[in-house]
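Enquirer: Using only what follows, build the 3D model:
(one chain, ligands or ions: 2)
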Amino acid sequence: MLRTMAFTSSDVRAAERPLLDRSVPLMRMASRALADVCRSVVNARGSEVERSSIVILAGAGNNGGDGLYAGSLLARSGAGVTVLAVGTALHDAAARSLMRAGGRVLVVDPRCRIPGFDTGFDDAELRLRLTASADLLLHADVVMDAMTGIGSKGALTGTASVMADLLAEILHDGRRCADGNDDNDGNGEGAHDRPTVVAVDVPSGLGVDSGTVPGASITADVTVTFGALKPCLVVPPVCYRRGGLVVVDLGLDLDPGRAVVRRMDASCASSRLVVPGAGDMKYSRGVVGLITGSQRYPGAGVLSVSAAARSGCGMVRYLGPRRAQDLVLQAMPEVVVGKGHVQAWTVGCGVDPDDHDDDSPASAVGALLRHYQTDDGGSVSTTGVEPMPPVSMPPVCVDAGALDLLPDHVLPQVVITPHAGELARLLTRMGHPRTVDAVLDDPWGNAVLVHRITGATVLLKGAMTLVVGDDGQGDGLHPDGAHPDGARTMVSGAGPAWLSTAGSGDVLAGLIGSLLAQWRASRESADDATAEERSSAGKDRGCPAVTEIAAAGAYIHGLSGRMASGCDVCADAEPLIMRVAPVGGVTRDSSTSSDRVPWNRARSIGHPIVASDLIEQLQFVLASLLRRHEDDDARR
Ligand SMILES: NC(=O)C1=CN([C@@H]2O[C@H](COP(=O)(O)OP(=O)(O)OC[C@H]3O[C@@H](n4cnc5c(N)ncnc54)[C@H](O)[C@@H]3O)[C@@H](O)[C@H]2O)[C@H](O)CC1
Ligand SMILES: [K+]
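Expert: Ligands and ions are numbered 1, 2, ... in the order given. As a prediction, the model looks like this:
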């Protein structure tokens, strides 16, 4: 749970309460883990704690308290520790502990009231102190950001905001600019000329529960978060600013059912794969139908079909245009051209929605999608099409050109796979005008909005892909009320940036269609299922299955990108878990060797790929995930 589930600030606070009531020293525990991370960051920089310089940006709340106690421990280990007080006060007991340990305090906010400190200074003095702060930040080994945590309200204001901007400038320009010298000796060691930024709980200045960036903020190299993941650490755009992730297990009792976001990981993706049994045949393993490709973009048909065929389904049916059919058959002679029973669809890759010819793929896609149209209440609309019971409709993955043909309100087994530009266009068409930048600024909020107004399961593509779907069991937890009841969000950021290449989305859409068909077929057991079984399979028609399968598709796609490109830099590396007891030491997750910790990782940048390379890797990625089934069987 600590690795995969994110909880709102208020749920984390509520879970802290009973422990605090029993006098469990949560802040001391948090700060021990934080100090441990800082020590190993210093070591990873090739330095020693005794010779290191640690600068702590400390706010007035408990987040500042965590930083101060950690500073106290580091000062006792011999580090030079300076606190820049950026708020109206400092956590009293923690500040005293720090000073007793030999740490120094520089008050930067003139409103700050700390007994024994000269405050209320004028603008000239403020400028001097800011210059001194800049110098300290510039020459620090570690900057600890303890300005605001889960108590943060809106955009950073006052000195905290000035400090965030100052640090951003220093990180951007580095020592070279400040000293007028080029410290970087050109052999790569200059990377450590700038301080390593360790964020305490969350990087300051960010929307903790929304993942948005309202103003000046901190970008961290490592974030040490306490008790549980917070939404901002896993949803874009904030997740791109938190660096490596460490979750400190404080023993909070959190209800998994209240998690607002879940990270897709190998274990969850593996659980959504279907292993064929001895009695299976191609039809019972899942048949996926694709209406993809066009006269103009036949390659999209080839890529989506090849990806579907390589992802474990029993059969692929292709219903694209003639020119694409020939190319598809050349690439994949296994494919069956023409209509027939399917358990899932993939539609739209390479389809021009404005091609209105009667036999165009756009017409076929439009006609198919009209079967999924519902009124707002979820019952299937019968206007102009044959009425069909909603549960019997196979899931459909709607990509690219087909997004323009999506009815206003559809069944939850419709998975739409837009990128930010397509989502902005869809929202605008549906009367909620958005620019691409507006979607990129708040991808989660906008994905939720599309889910709410269309009813579809929304997979918003990006370095961190978001999937928002109908949970059937959620309780509308989104703190600003944007989540409709039952919405569930999953994220997957397993892929490297090399993955953003032409045709990559076609591969993803084919893969998702194939996974959906296998899941659906495994539920269908058409010949022998009782009516009751069929109806319960129908109840599972939406989510979590569809949401999870779509997210599993994004995860598998990402891993294929990693294997194809040889690159292990991606938006969502596995968090490191640290366990900390009320008294005693800190334990790192035993499965994490020291060279894999987020601040000490040798990273391979890899090389460019084309979308076809992803398809070649699919079988190896699926093999590695399926091995988990074997391991699970062996354990049973
Ligand atoms: N999760 C846990 O189990 C534990 C969490 N701990 C730490 O406590 C903080 C939360 O502390 P709290 O005092 O409630 O709030 P903060 O310190 O995050 O912030 C309050 C502080 O910040 C100022 N502030 C708020 N918004 C802004 C703003 N926009 N601009 C400037 N300043 C702002 C406000 O005025 C207050 O002074 C949690 O994150 C953890 O780090 C426990 O220590 C351990 C257990
Ligand atoms: K912080």
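Enquirer: can we go C-alpha only for contacts and neighbour counts from here?
Expert: Fine.
Enquirer: Near S40, how many other residues are there?
Expert: 18 (other C-alpha atoms under 10 Å).
Enquirer: Ignore what I typed, I meant Q295.
Expert: With other C-alpha under 10 Å as criterion, Q295 counts 18.
Enquirer: tell me the contacts of it?
Expert: For Q295, the contact set (C-alpha atoms under 8 Å, 6 or more residues apart in numbering) comprises 321-324.
Enquirer: Show the buried residues in those residues.
Expert: 321, 324 (16 or more other C-alpha atoms under 10 Å).
Enquirer: Which of the contacts of Q295 fall in strands?
Expert: In strands, judged by DSSP state E, none of those are found.
Enquirer: want to throw the contacts of Q295 into CSV with pLDDT and distance to ligand 2?
Expert: Below are the contacts of Q295 laid out as CSV (pLDDT from 0 to 100; distance: C-alpha to the ion, whole Å):
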residue, pLDDT, distance to ligand 2
P321, 92, 55
R322, 90, 58
R323, 88, 57
A324, 93, 54
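Enquirer: how about JSON lines for the contacts of Q295, with distance to A509 added?
Expert: Below are the contacts of Q295 laid out as JSON lines (distance: C-alpha to C-alpha, whole Å):
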{"residue": "P321", "distance to A509": "18"}
{"residue": "R322", "distance to A509": "21"}
{"residue": "R323", "distance to A509": "20"}
{"residue": "A324", "distance to A509": "17"}
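Enquirer: Out of the contacts of Q295, which sit inside helices?
Expert: Using DSSP state H, 322-324 are the members of the contacts of Q295 that sit in helices.
Enquirer: Out of these, flag the one nearest to S311.
Expert: For these, the closest approach to S311 (C-alpha to C-alpha) belongs to A324, at 20.5 Å.
Enquirer: Now that closest one. Nearest residue, chain neighbours left out?
Expert: Nearest non-adjacent residue to A324, counting by C-alpha to C-alpha, 6 or more residues apart in numbering: P298, 4.6 Å away.
Enquirer: Relative to ligand 1, which of the ones in helices among the contacts of Q295 is nearest.
Expert: A324 (55.0 Å; C-alpha to the nearest ligand atom).
Enquirer: residues contacting the closest one?
Expert: Contacts of A324 by C-alpha under 8 Å, 6+ apart are 293-295, 298-299, 301-302.
Enquirer: Likewise for D506?
Expert: 300-301, 303-304, 349, 399.
Enquirer: Distance-wise, check it relative to G350.
Expert: 8 Å (C-alpha to C-alpha, to the nearest Å).
Enquirer: Send me stretch 227-237 as CSV with only the CA atoms.
Expert: Extracted in CSV, the C-alpha atoms of stretch 227-237 (Å, rounded to 0.1, in the frame of the first residue of the first chain):
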residue,chain,number,x,y,z
GLY,A,227,3.1,8.1,6.5
ALA,A,228,1.8,7.7,3.0
LEU,A,229,2.0,9.0,-0.6
LYS,A,230,0.1,12.2,-1.2
PRO,A,231,-1.7,12.8,-4.5
CYS,A,232,0.7,15.5,-5.7
LEU,A,233,3.6,13.0,-5.6
VAL,A,234,2.0,10.8,-8.2
VAL,A,235,-0.1,13.0,-10.5
PRO,A,236,1.3,15.3,-13.1
PRO,A,237,2.6,18.0,-13.2
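Enquirer: quick one on the thing from earlier: please identify the one among the ones in helices among the contacts of Q295 that lies nearest to A101.
Expert: Proximity of these to A101 was ranked by C-alpha to C-alpha; the top entry is A324 with 72.7 Å.
Enquirer: which parts of the stretch 101-250 of the chain sit against ligand 2?
Expert: Counting by C-alpha under 5 Å from the ion, the residues of the stretch 101-250 of the chain close to ligand 2 are 145-146, 148-149, 200, 202-204.
Enquirer: hmm, 8 Å instead?
Expert: Proximity of the stretch 101-250 of the chain to ligand 2 (C-alpha under 8 Å from the ion) is limited to residues 145-149, 199-204.
Enquirer: all helices for the stretch 201-350 of the chain, in order.
Expert: 266-271, 298-309, 322-331 (DSSP state H, counting those that start in this stretch).
Enquirer: Other residues contacting the second one?
Expert: Same thing as helix 298-309. Residues contacting helix 298-309 (C-alpha under 8 Å, 6+ apart): 288, 290-294, 315-316, 318, 320, 323-324, 327-328, 331-332, 335, 349-350, 503, 506-514, 611-612, 615, 618.
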